[in-house]
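> Sharing a model that was predicted from the sequence below.
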Amino acid sequence: MRQHVVTLNAGSSSIKFALFRVEADRPMLIAKGQAEGLGATPSFRARILGRDEDRLSLAANDHEAATRAIVDWIGDAFPDINVSAVGHRIVHGGVDYAGPVLLDAPIIAALQALIPLAPLHQPHNLAGVAAARTAFPGVPQIACFDTAFHRGHQFVNDAYALPRALYDRGLRRFGFHGLSYEFIARRLREIDPPRAKARVIVAHLGNGASVCAMKDGRSIASTMGFSALDGLPMGTRCGQVDPGLLLYLLEHDGISTAELSRLLYRESGLLGLSGVSQDMRALEASSAPFAQEAIDYFVHRVGMDIAALAATIEGVDSLVFTGGIGEHSARIRADVVAKLGWLGLACDRDANEAHAQLISTPASSASIYALATDEEAMIAQHVVEAIGLSPAAAA
């Protein structure tokens, strides 16, 4: 019997899933889908590769019910399925987890203690774990961390200029989107092995956004820090902000920590700047002046942070755009590269507009790519490697 892996990526109002068949020690995607609108108007969509998409409504409205719907759909679509393991995206692994781990009660408790560091993501990631343990009793559950790819940074890229005792407690830069960056690093090795080993900057631009500098496929520095608030402006998150401004809001305006958290996580970023939407597609289509200013600010910060990370690795041989915006917005890619012309980067207009894989001109000082990321495939590969799944291991 063939071995199969299910991956779950649980967010605040959705659960993405994918089903992989293990062939020659590698996961091969055979189906994927998403339960979304949890807490509001839930729905479910899924597709077996090569077939039309199934769209269903969900009667229940929480992560456990959504996971059950996923399990039921997989069972109906693949009645002879043998799920050998479930892989989970966990946003925060803290200081202790630098690679995939087999989940048990003590590790789950340790991850629950990290909820304050990723309040938008960690609770839902762990709710997905709880639901999957019920749905797949006895099946190994593997946690794959967004922070793991960034562990091992040099001290200068890991620390804040705060008392050393705080660093020793674990109050340091963690970086996120690690599963996406790791996938892109492997993908680039397939496309251009020599450049993949050189100086690479990847801009993961989406509702969550960050930039990562790599050498030899390893993370050297990232724009995100202690929490997923730092660095670039995002859909509803603020990005970098002077901590003195936050102290002012607390002391002068007297807002509560709960109000401050809501402001920084849910009311800022593109939504706060534009007053229109957190969705870049809506902003690009809008004639509202604040929408254009929000786009300008986003492009300005992306260009500035790419340049800063180029300094950390002393140049750039390849620049990769990925994520929902990075992959699909030709305008954002073109505007960001235009700001980096002083570095010798140049974008091929026709290739960019056609959403080609390679979008740089022959004269560009660095290769510029627009690549799709695949966190689910990265999770599945980690699961296969972590517990040694292979066709030979089938019962």
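Sure thing, it's come through.

> only C-alpha atoms for contact and neighbour calcs from this point on.
Will do.

> The residue of the chain positioned farthest from its centre and V91: what is the separation?
Residue farthest from the centre of the chain, counting by C-alpha atoms, centre = their mean, is H252 at 35.3 Å. Applying C-alpha to C-alpha, to the nearest Å, the value for H252 to V91 is 33 Å.

> now D168
21 Å.

> ok, the two, which is more surrounded?
V91 (34 against 11; other C-alpha atoms under 10 Å).

> How many residues are close by the residue nearest to the more buried one when sequence neighbours are not counted?
What sits nearest to V91 in space, not counting adjacent residues and going by C-alpha to C-alpha, 6 or more residues apart in numbering, is D146, at 4.8 Å. Neighbour count for D146, taken as other C-alpha under 10 Å: 25.

> Quick check on D146: phi, psi?
phi -70, psi -20 (degrees, to the nearest 10).

> so who does it touch?
Residues near D146 by C-alpha atoms under 8 Å, 6 or more residues apart in numbering: 89-93, 175-179.

> cutoff 7 Å now
Neighbouring residues of D146 by C-alpha atoms under 7 Å, 6 or more residues apart in numbering: 90-92, 176-179.

> Also L205?
With C-alpha under 7 Å, 6+ apart, L205 has these contacts: 322-326.

> So in terms of bridging, what pairs with it?
A209 (DSSP bridges).

> That one and A105: what is the separation?
From L205 to A105 the distance is 34 Å (C-alpha to C-alpha).

> remind me which residues of the stretch 101-250 of the chain are low pLDDT?
Low-confidence regions of the stretch 101-250 of the chain, defined here as pLDDT under 70, do not occur.

> As a check, name the ranges of all helices in it.
Here the stretch 101-250 of the chain has its helices, by DSSP state H, counting those that start in this stretch, at 105-112, 122-135, 164-168, 178-191, 193-196, 243-251.

> SS state for G75?
helix (DSSP: H, G, I helix; E, B strand; the rest coil).

> Identify the residues contacting I368.
Neighbours of I368 in contact, by C-alpha under 7 Å, 6+ apart: 318-320, 358-360.

> would CSV of those with pLDDT, neighbour count and distance to H153 be doable?
Shown next, in CSV, are the contacts of I368 (pLDDT from 0 to 100; neighbours: other C-alpha atoms under 10 Å; distance: C-alpha to C-alpha, whole Å):
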residue, pLDDT, neighbour count, distance to H153
S318, 98, 22, 20
L319, 98, 21, 20
V320, 98, 27, 21
L358, 98, 16, 29
I359, 98, 25, 30
S360, 98, 24, 30
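
> Just to check, R237 is in contact with S268?
Yes - counting by C-alpha atoms under 7 Å, R237 touches S268, with 5.1 Å between them.

> Neighbour count for those two, which is higher?
R237 (28 against 21).

> measure that one to Q3 for me?
Taking C-alpha to C-alpha, one finds R237 at 40 Å from Q3.

> Same question for D350.
44 Å.

> ok, now S13?
From S13 to Q3 the distance is 30 Å (C-alpha to C-alpha).

> One more: V299?
44 Å.

> now do A66
For A66, the distance to Q3 - C-alpha to C-alpha - is 24 Å.

> Of these two, which one has the most company?
Neighbours per residue (other C-alpha under 10 Å) separate A66 from Q3, with A66 holding more: 26 against 22.

> hang on, isn't the more buried one packed against A35?
Yes - A66 is within contact range of A35, at 6.1 Å (criterion: C-alpha under 7 Å).

> mind putting the contacts of I368 in a markdown table, secondary structure and distance to I295 included?
Listed next are those as a markdown table, based on DSSP: H, G, I helix; E, B strand; the rest coil; distance: C-alpha to C-alpha, whole Å:
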| residue | secondary structure | distance to I295 |
| --- | --- | --- |
| S318 | strand | 24 |
| L319 | strand | 20 |
| V320 | strand | 19 |
| L358 | strand | 24 |
| I359 | coil | 21 |
| S360 | strand | 22 |
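
> Please identify the one among those residues that lies nearest to A308.
L319 (13.4 Å; C-alpha to C-alpha).

> and stretch 57-66, how far from the chain's centre?
24 Å (C-alpha atoms, centre = their mean, to the nearest Å).

> next one: stretch 259-276
Going by C-alpha atoms, centre = their mean, where stretch 259-276 is centred and where its chain is centred differ by 20 Å.

> and if you look at stretch 198-213?
That offset, for stretch 198-213, works out to 10 Å (C-alpha atoms, centre = their mean).

> what does stretch 231-248 give?
19 Å.

> before we move on, what about stretch 304-322?
19 Å.

> Same question for stretch 332-341.
Worked out by C-alpha atoms, centre = their mean, stretch 332-341 lies 22 Å from the chain centre.
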